[in-house]
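>>> With the input below, show me the fold.
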Amino acid sequence: MSTLGEILARFDDPAEAYQILVESGNAPLVTKLDKMASEAGGDPCDLAFDAVRDFLAEANDEAWVKLIGRMQDSSSPAGSCLSEMIAWALNRWTIRQKGAVLGVVLAGGASSRYGSDKALAPLDGIPLLQRIVDQVGPQVDKVVLSGMARPGYAVEVIADEVVHAGPLAALKTTLAWAEARKFPLVMTFPCDAPFVPADTVKRLRVALRHGDCAVARRNGHDEPTCALWRTASRAKVDAALASGIRSLRDAMARVDATGADFSGVVAGPNGDPFFNINTRAAMADAEAWLRRKHTVLA
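Down below sits the predicted model:
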């Protein structure tokens with residue numbers, strides 16, 4: 001019979017770990033794992049590997065006693081060991097994914113490349129700010145605006161401590177605001193990306209199995225302004241800023257960040273659902289894409 005150490009060593013290969021789970025005959029658990037991976041746009045092999053990693057790092061004595069007991073009573077110790085680890089992790093991840101989400105539209109930039117306040121720039125007659133608020137509103141529990149108030153909008157505003165200091169400074173302020181109001185999760189959206197998918201938050205919730213944040217990822221490229229953060233990560237974000245870091249991308253390298261893959265989602269100019277309208281030329285591209293879309297649907 002294999003020792004526990006030998007069994008655990010087999011789980012170091014994500015593909016082998018997933019195959020062991022399949023061969024264990026635990027079809028409901030395989031289905032649940034596959035579903036979670038699909039919703040996050042990920043690979044079930046990687047999910048199985050993450051489950052093992054989390055169990056080894058965080059399981060208490062009671063969980064280990066239960067696992068050993070299942071292995072001793074099983075004709076397939078490796079399958080039982082892995083099944084118990086994954087079931088434990090899935091339950092833990094489900095609990096951690098729950099909680100109200102504060103949706104934050106990042107609109108504190110200077111719009112220097114656009115030439116005027118792009119948040120109020122109309123796209124097919126509708127201001128970008130209105131489009132993004134309408135798009136993300138159904139995905140979160142409350143929408144707020146990070147930056148400055150805009151005339152005609154009743155959305156609550158979280159003012160930047162330092163004007164035009166960038167999205168990382170805005171994140172610091174919004175995490176503190178969310179913590180004070182008991183929001184466990186904060187979802188950031190850029191004000192200039194009106195085509196973000198309607199299931200963005202759902203996908204990122206699934207991806208946020210552990211760690212501090214989950215970022216939207218497409219074709220290997222991260223979208224740092226479109227991310228779901230745990231409010232509990234506030235201290236790490238504060239520390240990153242205090243150390244001199246000023247970009248979200250660099251800050252994410254200092255925290256435990258994961259991603260949700262949106263490579264299969266096609267929307268917006270060039271098929272990019274995270275297409276940013278930073279310039280007048282980009283606005284023209286967005287207008288042209290919408291015209292083509294309206295023509296097809298007509």
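>>> which ones are touching Pro194?
The contact partners of Pro194, taken as C-beta atoms under 8 Å, 6 or more residues apart in numbering, are 123, 128, 131-132, 135, 277, 286. C-beta coordinates here come from the backbone N, C-alpha and C atoms, glycine included.
>>> Apply 6 Å and report the result again.
Taking C-beta atoms under 6 Å, 6 or more residues apart in numbering as the criterion, Pro194 is in contact with 128, 131-132.
>>> try Ala107
Counting by C-beta under 6 Å, 6+ apart, Ala107 touches 119, 145, 147, 191.
>>> Just among the residues you listed, which is most surrounded?
Going through these with other C-beta atoms under 10 Å as the criterion, the one with the most neighbours is Cys191, at 29 neighbours.
>>> Could you check the pLDDT of the closest residue to it other than its chain neighbours?
With C-beta to C-beta, 6 or more residues apart in numbering as the criterion, Cys191 has its nearest non-adjacent residue at 4.0 Å, and that residue is Ala107. The model reports Ala107 with a pLDDT of 87.
>>> now Val162
In this model, Val162 carries a pLDDT of 67.
>>> got it, and Gly99?
Looking at Gly99, its pLDDT is 81.
>>> for the longest helix seen in the chain, the distance to its chain's centre please.
Determined from DSSP state H, the single longest helix within the chain is helix 77-97. The chain centroid and the centroid of helix 77-97 are separated by 21 Å under C-alpha atoms, centre = their mean, to the nearest Å.
>>> Equivalent analysis for stretch 238-247, please.
A distance of 21 Å separates the centroid of the chain from that of stretch 238-247, by C-alpha atoms, centre = their mean.
>>> what's the answer for stretch 58-66, then?
The chain centroid and the centroid of stretch 58-66 are separated by 28 Å under C-alpha atoms, centre = their mean.
>>> With stretch 154-173 instead?
Relative to its chain's centre, stretch 154-173 lies at 20 Å (C-alpha atoms, centre = their mean).
>>> Mind listing what's buried along that stretch?
Using 16 or more other C-beta atoms under 10 Å as the test for burial, stretch 154-173 gives 155, 157-158, 160, 166-173.
>>> okay if I get these as JSON lines plus secondary structure and distance to Glu223?
Formatted as JSON lines, the entries for those read as follows, by DSSP: H, G, I helix; E, B strand; the rest coil; distance: C-beta to C-beta, whole Å:
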{"residue": "Val155", "secondary structure": "coil", "distance to Glu223": "22"}
{"residue": "Val157", "secondary structure": "strand", "distance to Glu223": "23"}
{"residue": "Ile158", "secondary structure": "strand", "distance to Glu223": "21"}
{"residue": "Asp160", "secondary structure": "coil", "distance to Glu223": "21"}
{"residue": "Gly166", "secondary structure": "coil", "distance to Glu223": "16"}
{"residue": "Pro167", "secondary structure": "helix", "distance to Glu223": "11"}
{"residue": "Leu168", "secondary structure": "helix", "distance to Glu223": "15"}
{"residue": "Ala169", "secondary structure": "helix", "distance to Glu223": "19"}
{"residue": "Ala170", "secondary structure": "helix", "distance to Glu223": "16"}
{"residue": "Leu171", "secondary structure": "helix", "distance to Glu223": "14"}
{"residue": "Lys172", "secondary structure": "helix", "distance to Glu223": "19"}
{"residue": "Thr173", "secondary structure": "helix", "distance to Glu223": "21"}
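>>> Tell me the one of the residues you listed nearest Ser24?
Closest approach between the buried residues of stretch 154-173 and Ser24, by C-beta to C-beta: Leu171, at 41.9 Å.
>>> Just the strands from this structure, written as ranges.
Here the chain has its strands, by DSSP state E, at 101-107, 122-123, 126-127, 142-147, 156-159, 185-190, 213-218, 221-230, 257-261.
>>> Distance to Arg203 added to those strands, as CSV?
Shown next, in CSV, are the strands of the chain (distance: least, C-beta to C-beta, whole Å):
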stretch, distance to Arg203
strand 101-107, 13
strand 122-123, 24
strand 126-127, 25
strand 142-147, 18
strand 156-159, 25
strand 185-190, 11
strand 213-218, 8
strand 221-230, 9
strand 257-261, 4
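>>> To Leu8, which of those strands lies closest?
With respect to Leu8, and counting by C-beta to C-beta, the nearest of the strands of the chain is strand 257-261 at 22.4 Å.
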